[in-house]
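Engineer: I'll drop the sequence and a predicted model, then ask my questions.
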Amino acid sequence: NAGVMQNPRHLVRRRGQEARLRCSPMKGHSHVYWYRQLPEEGLKFMVYLQKENIIDESGMPKERFSAEFPKEGPSILRIQQVVRGDSAAYFCASLLDYNTGELFFGEGSRLTVL
Amino acid sequence: AQKITQTQPGMFVQEKEAVTLDCTYDTSDPSYGLFWYKQPSSGEMIFLIYQGSYDQQNATEGRYSLNFQKARKSANLVISASQLGDSAMYFCAMREGQGGGFKTIFGAGTRLFVKA
């Protein structure tokens, strides 16, 4: 009964490169959330997705960031042309039912931009 | 507008004593859920306790209890008999219903230090 799986756990990119972060939700969960956490700060909501749909992307920067959750395969958070300010921990969480129940979190992907 | 407020950046507690971590929230949605998570230095997010807006009784899970004051819009976490392993960041979170798009938002967190 695997939990939420995120990979890579650590990713180093140079400025201008692309970062792709993957998230496989818990089995049977069709709701996925992405959060960003800067050091010593809380989790900032980025995007909420269901299978093949973006439900709420109000927390995601308008440029360079995109997210998807295809019918098959993991959810992907893509950051194009990374800058130093993108360095953070990116957490994915999944949910069985948005009416009740807690979010189940992955261990996070830590992006470092050189 | 800040929807989840944790006013205590850091808290100290003596081992074996109880501690209360404050959380206030703001929503006009009648249906919402309140959560507390723990984040130890290793970085993972650990679910502690949940309270639904329609729940009549305060939630309890072992040494954790949630002091839910609906009229005051507060959802404080009480940890009884603190242990050294309780030293961590603690986040309060809220998920609104349809009015809030079902997203879960987090407060800034409180860092708890348990002293031996």
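Structural biologist: Arrived safely. Residues are numbered from 1 along each chain as shown, chains lettered A, B, ... in the order given.
Engineer: now the strands for chain B?
Structural biologist: Secondary structure of chain B (DSSP state E): strands located at B:4-5, B:10-14, B:19-21, B:24-25, B:32-39, B:46-52, B:60-61, B:64-69, B:74-79, B:88-96, B:104-106, B:110-115.
Engineer: need the ones you listed in CSV with distance to A:Asp56, can you?
Structural biologist: Every residue, glycine included, has its C-beta placed from N, CA and C. Output for the strands of chain B, formatted as CSV (distance: least, C-beta to C-beta, whole Å):
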stretch, distance to A:Asp56
strand B:4-5, 16
strand B:10-14, 32
strand B:19-21, 28
strand B:24-25, 18
strand B:32-39, 15
strand B:46-52, 21
strand B:60-61, 29
strand B:64-69, 26
strand B:74-79, 22
strand B:88-96, 11
strand B:104-106, 11
strand B:110-115, 26
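Engineer: take those and lay them out in JSON lines including mean neighbour count and distance to A:Leu111.
Structural biologist: Shown next, in JSON lines, are the strands of chain B (neighbours: other C-beta atoms under 10 Å in any protein chain shown; distance: least, C-beta to C-beta, whole Å):
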{"stretch": "strand B:4-5", "mean neighbour count": "18", "distance to A:Leu111": "25"}
{"stretch": "strand B:10-14", "mean neighbour count": "13", "distance to A:Leu111": "27"}
{"stretch": "strand B:19-21", "mean neighbour count": "20", "distance to A:Leu111": "29"}
{"stretch": "strand B:24-25", "mean neighbour count": "20", "distance to A:Leu111": "30"}
{"stretch": "strand B:32-39", "mean neighbour count": "23", "distance to A:Leu111": "18"}
{"stretch": "strand B:46-52", "mean neighbour count": "18", "distance to A:Leu111": "22"}
{"stretch": "strand B:60-61", "mean neighbour count": "12", "distance to A:Leu111": "33"}
{"stretch": "strand B:64-69", "mean neighbour count": "18", "distance to A:Leu111": "32"}
{"stretch": "strand B:74-79", "mean neighbour count": "22", "distance to A:Leu111": "30"}
{"stretch": "strand B:88-96", "mean neighbour count": "24", "distance to A:Leu111": "20"}
{"stretch": "strand B:104-106", "mean neighbour count": "23", "distance to A:Leu111": "19"}
{"stretch": "strand B:110-115", "mean neighbour count": "17", "distance to A:Leu111": "23"}
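Engineer: lowest average pLDDT across those strands?
Structural biologist: Among the strands of chain B, strand B:104-106 has the lowest mean pLDDT, at a mean of 90.
Engineer: so is it next to chain A?
Structural biologist: Yes: using C-beta under 8 Å from any C-beta of the partner chain, strand B:104-106 reaches chain A at B:Thr104, B:Ile105, B:Phe106.
Engineer: name the residues of chain B found near chain A, please.
Structural biologist: Close to chain A, as judged by C-beta under 8 Å from any C-beta, chain B has residues B:33, B:35, B:37, B:43-45, B:47, B:50, B:52, B:91, B:93, B:95, B:97, B:101-109.
Engineer: wait, B:Tyr90 sits on B:Phe35?
Structural biologist: No: proximity of B:Tyr90 to B:Phe35 does not meet the contact threshold set by C-beta atoms under 8 Å, at 11.0 Å.
Engineer: between those two, what contacts are shared?
Structural biologist: Shared contacts of B:Tyr90 and B:Phe35 (C-beta atoms under 8 Å, 6 or more residues apart in numbering or on different chains): B:Leu48.
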